[in-house]
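1. below: sequence and its predicted model.
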Amino acid sequence: MELYKLPRPDLKDPPFEPVIPPALAHSDPFTAIRTSDQLLHHPFESFQPVLDLLNAAADDPNVLAIKQTLYRVGKDKPIVDALMRAREQGKQVTVLVELKARFDEENNIVWAKQLEQAGVHVVYGLLGLKTHCKVALIVRREPEGMRRYVHLSTGNYNVSSTRVYTDIGLMTCDPEVGADASDLFNFLTGYSSLEHYRAFAVAPLSLRSEVIALIDREIEHHRAHGGGRLIFKMNGLNDVGMADALYRASQAGVEIDLIVRGICSLRPGVPELSPTIRVRSIIGRFLEHSRIFYFGDGGREEIYLASADLMTRNLDRRVETMFPVRQPPIRERIRDEILQAYLDDTEN
């Protein structure tokens, strides 16, 4: 990064300016999210709507509580400022700060101290587990009753990295997602030990078994009707159990595309082991960081986004979330605009 700071614009890409989706540019975030779920594909779409949501929550007298996980915040702190302002305005604010975020330990200690000094309830996670999920929960009083607004993401609440990492964020007020977010924060703060959620799969409790169950379901659909299809995008795959499940699916004839940026311990295209598995790595201007899991499900397509890779550390030693994309237009956009672009990219 020090090298990149040198004044040599002739050696750098021209500045890239992200866009703000029209639905989030021309209305307040609460109205936009009530109208429909909102997807943000960073860095092509700006992180600003997430900041707008948190700032609106901090200033809105109808917002009663904000809860958020912070893993890798970086040196810029608009998120921290919004959370402190919310507390100063009398809202209940709880923040889980992961002090073991590699390379960001010092920053996170500084922000945790500032949050505590502002009166925010700061917690530091569960013993023996690194909290890697990216979740923000806002509880708002509305004429119809209490409503939960949730932002979930594959990437960090880091303003700088959202300009150079590819990640996907989802903003929703789906009641089941909101209830799961509340239960997750109860788990993280020690108030409950819930293992099964309505919409979420949570590591290290159930994410591993949920993904394997979905792969096994795809195998059964393919055996019964054909057309089995899996597309997984992630940063790394080194878990033996996950590789074995994908091998089983391939041996059953399921077509599988894996888009893996880094380490991949699975061997694709091996006769009688992985004949229908293809693996590619996309290396480009932006760091590939989103995690997407597509299941054909016998024509009833399901897509999940996650903070976790299919790596043993993520599945067994971190708190992670995998969450469904429920609204059809957003599923279609991820399938046709995002995943298909990766599958069409055959040159590097």
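-> Received the coordinates, thanks.

2. kindly state the pLDDT recorded for Val101?
-> Actually, residue 101 is Ala. It isn't Val. We have a pLDDT of 60 for Ala101.

3. ok, which stretches of the stretch 1-150 of the chain are helices?
-> Assigned by DSSP state H, counting those that start in this stretch, the helices in the stretch 1-150 of the chain fall at 22-25, 29-35, 48-59, 78-88, 105-117.

4. any chance of those in a markdown table, with mean neighbour count too?
-> Backbone N, C-alpha and C define where each C-beta goes, glycine included. Formatted as a markdown table, the helices of the stretch 1-150 of the chain follow (neighbours: other CB atoms under 10 Å):
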| stretch | mean neighbour count |
| --- | --- |
| helix 22-25 | 15 |
| helix 29-35 | 18 |
| helix 48-59 | 20 |
| helix 78-88 | 21 |
| helix 105-117 | 16 |
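
5. quick one: which of the ones you listed is nearest Pro328?
-> When those are compared by CB to CB, helix 29-35 sits nearest Pro328, at 15.1 Å.

6. what does the closest one contact?
-> In this structure, residues lying in contact with helix 29-35 by CB atoms under 8 Å, 6 or more residues apart in numbering are 23-24, 27, 38, 49, 52-53, 56, 60, 140, 147, 149, 171-173.

7. pLDDT averaged over it - what is it?
-> 97.

8. what of stretch 73-91?
-> 92.

9. coming back round to it: kindly reformat the helices of the stretch 1-150 of the chain as TSV containing distance to Asp257.
-> Below are the helices of the stretch 1-150 of the chain laid out as TSV (distance: least, CB to CB, whole Å):
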stretch	distance to Asp257
helix 22-25	30
helix 29-35	32
helix 48-59	29
helix 78-88	34
helix 105-117	36
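
10. distance check, the residue minimising distance to the centre of the chain against Ile33.
-> With distances taken as CA atoms, centre = their mean, Thr154 lies nearest the centre of the chain, 2.1 Å away. From Thr154 across to Ile33, the span is 18 Å (CB to CB, to the nearest Å).

11. swap in Cys264?
-> For Cys264 relative to Ile33 (CB to CB), the value is 36 Å.

12. Val139 too?
-> 14 Å.

13. intersection of neighbour lists for these two?
-> With CB under 8 Å, 6+ apart as the test, Val139 and Ile33 reach no residue in common.

14. spatially nearest residue to Asp167 (excluding sequence neighbours)?
-> Of all residues not flanking Asp167 in the chain, Gly155 sits nearest, at 3.0 Å (CB to CB, 6 or more residues apart in numbering).

15. for the one you found, give its distance to His132.
-> 11 Å.

16. Asp59 too?
-> Taken as CB to CB, the span from Asp59 to His132 is 30 Å.

17. contact partners for the residue nearest to Asn158 when sequence neighbours are not counted?
-> Nearest residue to Asn158, sequence neighbours excluded (CB to CB, 6+ apart): Gly74, at 4.4 Å. Gly74 makes contact with Asp104, Asn107, Asn156, Asn158, Val159, Ser160, Ser161 under the criterion CB under 8 Å, 6+ apart.

18. just Leu230 next, same as before
-> Here Leu230 is in contact with Ile215, Glu218, Leu246, Ala249, Val254, Glu255, Ile256, Asp257, Tyr294, Phe295, Gly296 (criterion: CB under 8 Å, 6+ apart).

19. so the first one is in which element?
-> Using DSSP states H and E, the secondary-structure element containing Ile215 is helix 207-225.

20. check which helices and strands that helix sits against.
-> strand 201-203, strand 229-234, helix 240-251, strand 292-295, helix 312-316, strand 318-324 (3 or more CB pairs under 8 Å, 6 or more residues apart in numbering; DSSP states H and E).

21. could you dump these to a markdown table with distance to Pro9 and mean pLDDT?
-> As requested, these are exported to a markdown table (distance: least, CB to CB, whole Å; pLDDT from 0 to 100):
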| stretch | distance to Pro9 | mean pLDDT |
| --- | --- | --- |
| strand 201-203 | 43 | 97 |
| strand 229-234 | 32 | 98 |
| helix 240-251 | 43 | 98 |
| strand 292-295 | 34 | 98 |
| helix 312-316 | 38 | 98 |
| strand 318-324 | 39 | 98 |
